[in-house]
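Peer 1: quick one, fold the following:
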Amino acid sequence: MSFVAETSLESLPEHVAVAEKRLVNADLVAVNQLMPLKYHWAWEHYLNGCRNHWLPQEVPMDRDIALWKRPDGLTDDERTVVLRNLGFFSTAESLVGNNLVLGVFKHVTNPECRQYLLRQAFEEAIHTHAFHYIVESLGLDGHEVFTMHRTVNTIHDKDGFTMRLTEALCDPDFRTDSVGGIQKFVENLVGYYVVMEGIFFYSGFAMMLGFHRQNRMTGVGEQFQYILRDESTHLNFGVDLINGIRAENPEIWTPDLRDRLNAMIDEAVEREIAYAVDCLPRGVLGLNAEHFRDYVRHIADRRLERIGLPARYAAPNPFPWMSETIDLKKEKNFFETRVTEYQSGGALSWD
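Peer 2: The predicted structure follows:
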């Protein structure tokens, strides 16, 4: 029995056979027709993601386990920082993945962008895997860590803030064929790429890399470095996607939309500052909540500028040592080294 479709190319309507490539609202076809590429930046982000491939279990955790188990290894305040960040990231990464798979992928109609979104969704799964691996390695209470979005108010508030942005996209009646629809879609993209991955995540990275800088919790720190490298690509792709949609649909960039996006960033900054206070009530590792108040505002300004909005906070970067790892100026240089090499085809064995 043959399952080959009998429809020939000649019988297809012209608008389906040769569809115009657009980021949203292109004519949908049955296959992801990559060639010819139109958005080369999307394909480059996909290739960068592939070059960055890594897996959590490749990172040794022996030193972290020994330090965590020692009664004098970490202070109670330092343990709080680790636990709070594991609690936030363990659910936040899955929220990003859900938003991609259940919302964004459906409405981005460009094949090369969809190719990258498939890669990103896989990376979100790897990141969630990493937090499971850390929790399991350190012998933590997995239920406690993975349910902090219910038990810790500042984590609950940040997760709820972003989850509201997914609701519209998951509505079966949601469409992007109107100005209002595209604006709502852009709000979602700004909320997840700019706020969640570009502000919330970077703040948490800074806290965790403070341990790594002191040569403590090195396995956890190494995994956070790898995750940060992935997130840098996510952020760059998201900014390009947002700016590309703006360029193709200039009518959406109204004063009202800009006001809504600025208000979103303001709310995000305040929620992240509240989270920093929760994580660092007395300060550890040379970090304190006041420093993070400036840092969150500093990176928020950089994100605003990248999507065509003016900076709002004029805050300095209080952590100059972080700039080598996570400052925006370094994001484009993250790909000079690789985490791990793929296994070569000649090394594979088949049973």
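
Peer 1: can you tell me the closest non-neighbouring residue to residue 193?
Peer 2: residue 238 (2.5 Å; Cβ to Cβ, 6 or more residues apart in numbering). Glycine gets a C-beta too; all of them are placed from N, C-alpha and C.

Peer 1: again with residue 151
Peer 2: Spatial nearest neighbour of residue 151, excluding adjacent residues (Cβ to Cβ, 6+ apart): residue 144 at 7.8 Å.

Peer 1: buried residues, the helix or strand containing the one you found. List them.
Peer 2: Taking DSSP states H and E as the criterion, residue 144 maps to helix 142-146. Neighbour counts over helix 142-146 (16 or more other Cβ atoms under 10 Å) mark 145-146 as buried.

Peer 1: swap in stretch 45-55?
Peer 2: Buried residues in stretch 45-55, counted by 16+ other Cβ under 10 Å: 45-46, 48-49, 52-54.

Peer 1: what of stretch 209-223?
Peer 2: Buried, per 16+ other Cβ under 10 Å, within stretch 209-223: 209-212, 216-223.

Peer 1: before we move on, the earlier item: what's the pLDDT at the residue nearest to residue 151?
Peer 2: pLDDT for residue 144: 96.

Peer 1: ok, it - contacts?
Peer 2: Neighbouring residues of residue 144 by Cβ atoms under 8 Å, 6 or more residues apart in numbering: 83, 87, 151.

Peer 1: what about those, which one has the most neighbours?
Peer 2: Within the contacts of residue 144, most neighbours by other Cβ atoms under 10 Å means residue 87, with 23 neighbours.

Peer 1: thinking again about what came up before, quick one: which of the buried residues of stretch 45-55 is nearest to residue 269?
Peer 2: Checking those against residue 269 with Cβ to Cβ, the nearest one is residue 45 at 26.4 Å.

Peer 1: which other helices and strands does whichever helix in the chain runs longest contact?
Peer 2: As assigned by DSSP state H, the longest helix anywhere in the chain is helix 218-248. Here helix 218-248 touches helix 40-51, helix 62-69, helix 111-138, helix 179-189, helix 201-213, helix 323-326, helix 328-331, going by 3 or more Cβ pairs under 8 Å, 6 or more residues apart in numbering; DSSP states H and E.

Peer 1: could you dump those into JSON lines and include distance to residue 170 and mean pLDDT?
Peer 2: Converted to JSON lines, these look like this (distance: least, Cβ to Cβ, whole Å; pLDDT from 0 to 100):
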{"stretch": "helix 40-51", "distance to residue 170": "24", "mean pLDDT": "96"}
{"stretch": "helix 62-69", "distance to residue 170": "38", "mean pLDDT": "98"}
{"stretch": "helix 111-138", "distance to residue 170": "16", "mean pLDDT": "97"}
{"stretch": "helix 179-189", "distance to residue 170": "10", "mean pLDDT": "97"}
{"stretch": "helix 201-213", "distance to residue 170": "22", "mean pLDDT": "91"}
{"stretch": "helix 323-326", "distance to residue 170": "32", "mean pLDDT": "58"}
{"stretch": "helix 328-331", "distance to residue 170": "30", "mean pLDDT": "37"}
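
Peer 1: single out the most deeply packed of those helices.
Peer 2: Of all those, helix 201-213 has the most neighbours on average by mean count of other Cβ atoms under 10 Å, namely a mean of 22.

Peer 1: what angle do helix 111-138 and that one make with each other?
Peer 2: Per axes from the mean of the first three to the mean of the last three Cα atoms, to 10 degrees, the angle that helix 201-213 makes with helix 111-138 is 40 degrees.
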